[in-house]
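J.: Got a predicted structure plus its sequence, pasted below:
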Amino acid sequence: MTLLTNRVYVLDTGTSLVDEHVLLSKCGRNQRTVRIPILAYLIKTEDSTILVDTSFDKPGRPDLKATGYDRAPTQELITQLKKLDVEPDGIDIVVNTHLHEDHCGNNKLFRNSKFLVQKEELRHAFVPDDNERDSNGPFYKRIDFDHSLNYDTITGNYTITKGVQIISTPGHSAGHQSLVVELRDRNFVIASDAIFTERNWTENELPGLLYDSPSYKESIGKLRSVNNAFVYFSHDMGFFSRSPREFS
């Protein structure tokens, strides 16, 4: 049997400020503001180089600056990739776990890549429902994703290549998706916003920002069914600070 040589790299692409109740519903509103990491992931396989999410656009953009996005020059997505000897044109596939601004803001930099996004997610991004907006407008911003790119829409679970599978995990958004990467001795789960924090996972605490609660709970069940899994949480600064950044 041939051993898989898949590798996963966690990319530190900046931070954002959010009210804690967005992450943890039991905190209640108007509690403290917390700074969270904004992550992307690079997957290297024998036949593909895959980028998962593209972070947010320039933090100086007025709408992003107003909500506390920040990054140092070393956290630029292109800089993070170059540290791993990867250029934008070397990315075969970009997977957008969903199309909120902190997950697709640099899509435009990868014009030669194939993008994998759930069909339902793309539909909602162009025509959001009433519960996909707040006083500042829709959660989706077309400036982030509406470019002449090669979007390949999928529905449900999807195998990208040997040992790399997309799992449909709606709930945070209508067409959210996560990934499972088979490594030598475990399965690495890129939960993205299916699971914001370790506390959401270990204490079954719902986040405060959900598109659909029943779908969210069902998606958590899907991820819990992954055997021998290491789950990487998307917006947990404590977890991120103490966790490795490279897996094989």
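T.: Sure thing, it's come through.

J.: use CA for all of it now, contacts and neighbours both
T.: OK.

J.: quick one: contacts for the residue nearest the centre of the chain?
T.: Central residue of the chain (Cα atoms, centre = their mean): residue 192, 3.9 Å from the mean position. If you count contacts by Cα atoms under 8 Å, 6 or more residues apart in numbering, residue 192 has them with 97, 177-178, 232-234.

J.: since we're on residue 63, how many residues are nearby?
T.: When neighbours are defined as other Cα atoms under 10 Å, residue 63 has 11 of them.

J.: Helix, strand, or coil at it?
T.: Under the three-state scheme (DSSP: H, G, I helix; E, B strand; the rest coil), residue 63 adopts helix.

J.: Distance check, the residue nearest to residue 6 when sequence neighbours are not counted against residue 163.
T.: In space, and not counting its chain neighbours, residue 6 is closest to residue 45: 4.6 Å by Cα to Cα, 6 or more residues apart in numbering. Counting by Cα to Cα, to the nearest Å, the gap from residue 45 to residue 163 is 9 Å.

J.: Any stretches of the chain with poor pLDDT?
T.: 1-3, 28-31, 135 (pLDDT under 70).

J.: how about the helices of it, start to end?
T.: Here the chain has its helices, by DSSP state H, at 20-23, 62-65, 77-82, 101-104, 119-126, 142-145, 198-202, 213-224, 237-242.

J.: looking at those helices, which is closest to residue 182?
T.: Nearest to residue 182, of all the helices of the chain, is helix 213-224, at 13.9 Å by Cα to Cα.

J.: Could you check which of residue 45 and residue 163 has the larger neighbour count?
T.: Using other Cα under 10 Å, the more surrounded residue of residue 45 and residue 163 is residue 45, with 18 against 15.

J.: wait, residue 88 sits on residue 108?
T.: No - taking contacts as Cα atoms under 8 Å, residue 88 lies outside contact range of residue 108: 10.4 Å.

J.: before we move on, the earlier item: from the contacts of residue 192, which ones fall inside strands?
T.: Within those, residues falling in strands by DSSP state E are 177-178, 232-233.

J.: Which one (most neighbours) among those residues?
T.: Result: residue 177 is most packed of these (other Cα under 10 Å), 31 neighbours.

J.: What's opposite that residue in the beta bridge?
T.: Assessed by DSSP bridges, residue 177 has beta-bridge partners residue 168.

J.: wait, it sits on residue 118?
T.: Yes - using Cα under 8 Å, residue 177 is in contact with residue 118, at 7.3 Å.

J.: any common contacting residues for those two?
T.: Residues touching both residue 177 and residue 118 (Cα under 8 Å, 6+ apart): residue 98.

J.: Run a quick neighbour tally on residue 33.
T.: Neighbour number of residue 33 under other Cα under 10 Å is 12.

J.: cool, and residue 157?
T.: The number of residues near residue 157, taken as other Cα under 10 Å, comes to 15.

J.: residues in contact with it?
T.: Contacts for residue 157 (Cα under 8 Å, 6+ apart) come out as 165-168.

J.: any idea how far the residue nearest to it when sequence neighbours are not counted lies from residue 108?
T.: Computed as Cα to Cα, 6+ apart, the closest residue to residue 157 that is not its neighbour in sequence is residue 167, at 4.7 Å. Using Cα to Cα, residue 167 is found at 24 Å from residue 108.

J.: hang on, the earlier thing: residues bridging contact with residue 45 and residue 163, i.e. touching both?
T.: The contact sets of residue 45 and residue 163 overlap at residue 6 (Cα under 8 Å, 6+ apart).
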